[in-house]
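> sequence plus predicted model, see below.
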Amino acid sequence: MCSLTISKTTQEQLESIGGNGANLERLMARRAFDANLNQPGLYDQPNTHLRTGFADDLRQLGVRKEQIMGHRVYFVGNNSDCNYTAFFIKLNKKGDDARQDDNNADFQDKLRRALAGEQVRVIPDPRQLAEAEQDKIEEKPAWQNADWYKEYGG
Amino acid sequence: MPEQNTIKLGLADSANVNSTMLYTPQDAFDSLTSCVNASAAVHSSANLLKTFAELSVSTGGYVHLLPELSYMPVLIGSDEKPVYLYQLVEMFEGFLDYDAILAEFPTLTFSQVTAAISFLRKVSQINSRQIDVDELEDELDTGFLDELRQAFHDREEVARVLTHNI
């Protein structure tokens, strides 16, 4: 049976959702316990791989994601290590407090509009934005490619 | 009894089929093949959603398939807002007594039962626009990526290691 390491960040996130945190932790742990050195488990399945274009830097570092109770658990490790490390949870719900429990209203609204066929605004990865800005800066103005500039200007 | 739903599929979805200019017989063949395949996919999707509609009616009509939500199964709350069926399945996952289930079906494993729940969740996300809800969530919700990267770098700060003995 493999083990599950809970990072400090994950621990704090589990505590932040009150009673649901214990349930979530139980399901996270049992996924690890169900795998062993010779037998891959749910954490080793292809559906845990991050999609191309989504945090590519982390994807290349072997970060994967498992959807549990509507939360997204990010982890590293596989059954050949016989240990998985959960280091971040993208919580779907904020906690036991009903006032906070908006059930991810913003996403629900965007999902509703996507299903209705409306255009939804995709927020790009800030890193990609920064790279695009850098490319823009490095891009020469068109006139610098003109023959006269190459001959006399440069 | 809740209002019964109807399924209207076909023309709107067929409109998504690409119309391209044809240059060679091979292009024409490829294009027609693509149209036939697309049409088959629409037909198959319509059949599946028709089955959903029949299931909805046969279970009292509480589960709604609304055209404005691309027929993705929902319940309608007292505030008239939809609650997606897949959200309900996500909740089931947290409250199931897995040990009781495994005692009832001793030949199954925890992973199999969990995978079955994931399968039901995916089934309840089927819609006529073939929108992948999980993919959409990744696309739309990227505001936390810096936090995720920080957490990855901090992963060595271990709180606990859970083993089966605990």
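Received it, and whenever you're ready, just let me know what you need.

> measure stretch B:148-161 end to end?
Terminal residues of stretch B:148-161 lie 20 Å apart, using CA to CA, to the nearest Å.

> average pLDDT across it?
Throughout stretch B:148-161, pLDDT has a mean value of 90.

> what do you get for stretch B:83-94?
Computed over stretch B:83-94, the average pLDDT equals 92.

> got it, and stretch B:49-65?
pLDDT averaged over stretch B:49-65 gives 93.

> how far out from the middle of the chain is that stretch?
In terms of CA atoms, centre = their mean, to the nearest Å, the centre of stretch B:49-65 is found 16 Å from the chain centre.

> ok, now stretch A:63-79?
Distance, stretch centre to chain centre, for stretch A:63-79: 9 Å (CA atoms, centre = their mean).

> same deal with stretch B:127-138?
7 Å.

> now do stretch B:72-91
Mean C-alpha position of stretch B:72-91 versus that of the full chain (CA atoms, centre = their mean) differs by 13 Å.

> what's the spacing between the residue nearest the centre of chain B and residue B:30?
What sits nearest the mean C-alpha location of chain B, by CA atoms, centre = their mean, is residue B:125, with 2.0 Å. With distances taken as CB to CB, to the nearest Å, residue B:125 is found 31 Å from residue B:30. All C-beta spots, glycine's among them, are computed from the backbone N, C-alpha and C.

> determine the longest strand present in chain B.
The strand spanning the most residues in chain B, taking DSSP state E as the definition, is strand B:158-162.

> distance from it to the middle of the chain?
The answer for strand B:158-162 is 33 Å, by CA atoms, centre = their mean.

> residues in contact with it: which ones?
The contact list for strand B:158-162 (CB atoms under 8 Å, 6 or more residues apart in numbering or on different chains) reads A:3-8, A:10-11, A:25, A:29, A:32, A:83, A:85.

> one more pass at 7 Å, please.
Under the criterion CB atoms under 7 Å, 6 or more residues apart in numbering or on different chains, residues A:3-8, A:11, A:29 lie in contact with strand B:158-162.

> can you tell if stretch A:72-89 touches chain B?
Yes: Stretch A:72-89 is in contact with chain B by CB under 7 Å from any CB of the partner chain, via A:74, A:85, A:87-88.

> mind listing what's buried along that stretch?
By neighbour count on 16 or more other CB atoms under 10 Å in any protein chain shown, the buried set for stretch A:72-89 is A:72-79, A:83-89.

> what does stretch B:117-127 give?
Result for stretch B:117-127 [16+ other CB under 10 Å]: buried residues B:117-118, B:120-121, B:124-127.

> so which of those residues are in helices?
Per DSSP state H, helices hold the following members of the buried residues of stretch B:117-127: B:117-118, B:120-121.

> rewinding a little: how about a markdown table for the buried residues of stretch B:117-127, with pLDDT added?
Formatted as a markdown table, the buried residues of stretch B:117-127 follow (pLDDT from 0 to 100):
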| residue | pLDDT |
| --- | --- |
| B:117 | 96 |
| B:118 | 94 |
| B:120 | 95 |
| B:121 | 95 |
| B:124 | 95 |
| B:125 | 94 |
| B:126 | 92 |
| B:127 | 91 |
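
> so which of these reach chain A?
The subset of the buried residues of stretch B:117-127 within reach of chain A, by CB under 7 Å from any CB, is residue B:127.

> so which of the buried residues of stretch B:117-127 is the closest to residue B:140?
Of all the buried residues of stretch B:117-127, residue B:140 sits closest to residue B:125, with 15.3 Å by CB to CB.

> got the phi/psi numbers for that closest one?
Here is the backbone geometry of residue B:125 (degrees, to the nearest 10): phi -100, psi 0.

> and the contacts of strand B:158-162, which is closest to residue B:147?
Proximity of those to residue B:147 (CB to CB) peaks at residue A:7, which lies at 12.8 Å.

> tell me what the helix or strand where residue B:137 lies is packed against?
Element membership of residue B:137 [criterion: DSSP states H and E] is helix B:133-140. Under the contact criterion of 3 or more CB pairs under 7 Å, 6 or more residues apart in numbering or on different chains; DSSP states H and E, helix B:133-140 touches helix A:105-115.
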